[in-house]
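Asks: what's the 3D shape of this:
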Amino acid sequence: MSGRLEEVMAAIDPVRLKGTLTDMLDIYSPSGKEEDIQLYLEDLLSRAGFSVERQEVEEERYNLRVTMGEDEPRLYLVGHVDTVPAWDLEEFGAREEGDLVRGLGSADMKGGCAAMLETWLALAQALKPARRPSVGLLLVVGEEENGDGSATFLKQCSAPWAVIGEPTGLSACFAHFGYLEAGFVTRGVRSHSSLPELGHNAVESMLRVLLHLGKDSLFKRGESEIVYSIREMRSSQKGFVVPDRCEAWIDLHLPPERDPASVEQAIRRITAGAGQFIPGLDLSVDFDFASPGYNLGTDNAPARILEQTYQRLGLTLKFEAFRSHSDGNLFHAAGCRPLILGPGALEISHTPEEQVSFPEVLAAAKIYAALCLGLDQYAALALERRGSLNCFDRQASWVGC
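Replies: Okay, here's the model as predicted:
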């Protein structure tokens, strides 16, 4: 390591980082109720000498944005501070077990947010203003619902690159799955539950529709690249009746190259033929939300920086596709190039077992620092040589930070 990066790495403070992480985990911040944690983070950044901008999303809900450097940010570190609702309001906070830190949002994604904050504080502590990279830190609300925090930011700001700290186990995800939300409604005939032969059970119809879908090669688990989950199913809550309506919602995560419109057409085609197997079927299908995936490839400056950084840190670098939905889809649609990279595992996110490895959080802070400084340095070189950041010459020498 050399120059600025070495100074910043030395300023990254594991004790401060763990304190920030556990403080964040002890603040309950489900989507829509993020003000307490934003007040905490705003105070932390203000005490470090930064002018913090509030980007209002709606009343008592706002993003926090700070920047450093002399130019417009070439890279934003992006984290969402909201979580899914707690499984147990008595047990959501931080709990330490050796190197593990448990708690709601520890992986998704307060671990990533805490690492980004530590990077930010270390940059400010180690470097005088004139030596700081031109980067931004964005802490958004609402990612676990509709992404309204990031949408608000993207209406006002842009940057060539963003790093979003979703849980990837430190794998670098330059590719991102797309997302499609499919809603199904079956209708039947209500009757007394003791006389089902007089009615038509909408729940039974729905179950048969879902089984019919699952038989198609497009949805066969282990054979298709499409990932789907039946998220919700509900019908009449009144007892002793044959339900006359059933509604189901399915989340579909699509490989980066798969067009959501083609999957929508396939679902409509498959369900259109379901009536021949399900007598009396009355079915409607709607698609409320679709977001295409993307694949940025790995022939770019951040990938080169990561190759060198992981080698220096003794880590194994893996390039993967992020297979969930995230604000990365919104950033890409707005013209930004988002890299998804953060501590923690997607597999245990949103579950009572959620946890994050603290050494992974610490490594993330160092990786983010290398990206901030490396991309800033590379941008200066690229502008000097070609006047453009739109292409990356992998053979060009990268001189460090």
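Asks: only C-alpha atoms for contact and neighbour calcs from this point on.
Replies: Noted.
Asks: all helices for the stretch 1-150 of the chain, in order.
Replies: 3-11, 14-25, 35-47, 111-126, 148-156 (DSSP state H, counting those that start in this stretch).
Asks: so what's the residue lying closest to residue 150 once chain neighbours are set aside up against?
Replies: Using C-alpha to C-alpha, 6 or more residues apart in numbering and skipping the chain neighbours, the partner closest in space to residue 150 is residue 140 (6.1 Å). Counting by C-alpha atoms under 8 Å, 6 or more residues apart in numbering, residue 140 makes contact with 62, 63, 64, 78, 79, 80, 81, 82, 149, 150.
Asks: need the pLDDT of residue 368.
Replies: pLDDT, residue 368: 98.
Asks: returning to what we had before: among the contacts of residue 140, which ones are in strands?
Replies: Among the contacts of residue 140, the residues falling in strands (DSSP state E) are 62, 63, 64, 78, 79, 80.
Asks: hang on, the third one packs against residue 149?
Replies: So that's residue 64. No - taking contacts as C-alpha atoms under 8 Å, residue 64 lies outside contact range of residue 149: 9.7 Å.
Asks: show me the two of the contacts of residue 140 that sit farthest apart.
Replies: With distances taken as C-alpha to C-alpha, the most widely separated pair in the contacts of residue 140 is 62 and 78, at 14.2 Å.
Asks: how about low-confidence regions in the stretch 1-150 of the chain?
Replies: 1-2 (pLDDT under 70).
Asks: re earlier: wait, which of the ones in strands among the contacts of residue 140 is closest to residue 5?
Replies: Among the ones in strands among the contacts of residue 140, and counting by C-alpha to C-alpha, the member closest to residue 5 is residue 78, at 20.3 Å.
Asks: just list whatever residues bridge to the closest one.
Replies: residue 138, residue 164 (DSSP bridges).
Asks: near it, how many other residues are there?
Replies: 25 (other C-alpha atoms under 10 Å).
Asks: mind listing the strands for the stretch 51-200 of the chain?
Replies: According to DSSP state E, counting those that start in this stretch, the stretch 51-200 of the chain carries its strands in the segments 53-58, 61-68, 75-80, 95-97, 100-102, 135-140, 161-164, 172-176, 178-187, 191-192.
Asks: remind me what the second one packs against, helices and strands.
Replies: Put plainly, it is strand 61-68. Strand 61-68 sits against helix 35-47, strand 53-58, strand 135-140, helix 148-156, with contacts defined as 3 or more C-alpha pairs under 8 Å, 6 or more residues apart in numbering; DSSP states H and E.
Asks: got the angle between the first one and helix 111-126?
Replies: On the basis of axes from the mean of the first three to the mean of the last three C-alpha atoms, to 10 degrees, helix 35-47 is oriented at 20 degrees to helix 111-126.
Asks: what does the third one give?
Replies: What separates the directions of strand 135-140 and helix 111-126 is an angle of 150 degrees, with the same axes, to 10 degrees.
Asks: so residue 281 makes contact with residue 189?
Replies: No - with contact defined as C-alpha under 8 Å, residue 281 and residue 189 do not form a contacting pair (10.9 Å).
Asks: ok, these two, which is more surrounded?
Replies: A count of neighbours by other C-alpha under 10 Å puts residue 281 above the other of residue 281 and residue 189, at 20 against 15.
Asks: what's the local residue count around the residue nearest to the more buried one when sequence neighbours are not counted?
Replies: The shortest distance from residue 281 to any non-neighbouring residue, by C-alpha to C-alpha, 6+ apart, is to residue 275 (5.6 Å). By other C-alpha under 10 Å, the residues close to residue 275 number 14.
Asks: tell me the spacing between residue 275 and residue 108.
Replies: 41 Å (C-alpha to C-alpha, to the nearest Å).
Asks: please state the backbone phi and psi of the most centrally placed residue in the chain?
Replies: Nearest to the geometric centre of the chain sits residue 326, at 3.5 Å (C-alpha atoms, centre = their mean). Here is the backbone geometry of residue 326 (degrees, to the nearest 10): phi -150, psi 180.
Asks: check contacts around it.
Replies: Contacts of residue 326 by C-alpha under 8 Å, 6+ apart are 143, 166.
Asks: can we see that at 10 Å?
Replies: Taking C-alpha atoms under 10 Å, 6 or more residues apart in numbering, we find residue 326 in contact with 80, 143-144, 146-147, 164, 166, 176-179, 291, 340.
Asks: mind listing the strands the helix or strand encompassing residue 252 pairs with, and their directions?
Replies: Remark: residue 252 resides in strand 245-254, with elements defined by DSSP states H and E. Using DSSP bridges, the strands paired with strand 245-254 are strand 178-187 (antiparallel), strand 227-235 (antiparallel).
Asks: residues making contact with the last one?
Replies: Strand 227-235 has contacts (C-alpha under 10 Å, 6+ apart) with 177, 179-187, 202-203, 206-207, 210, 218-221, 242-255, 323-324.
Asks: equivalent analysis for stretch 268-287, please.
Replies: Under C-alpha under 10 Å, 6+ apart, the answer for stretch 268-287 is 180-188, 200-202, 204-206, 208-210, 212-213, 215-216, 218, 245-250, 261-264, 266-267.
Asks: and it, what's its mean pLDDT?
Replies: Stretch 268-287 comes out at a mean pLDDT of 93.
Asks: end to end, how far does that stretch reach?
Replies: Start-to-end, stretch 268-287 (C-alpha to C-alpha) is 10 Å.
Asks: distance from the chain centre to that stretch, please.
Replies: Computed by C-alpha atoms, centre = their mean, to the nearest Å, the chain-centroid distance of stretch 268-287 equals 33 Å.
Asks: buried sites along that stretch?
Replies: 271, 274, 281, 283, 285 (16 or more other C-alpha atoms under 10 Å).
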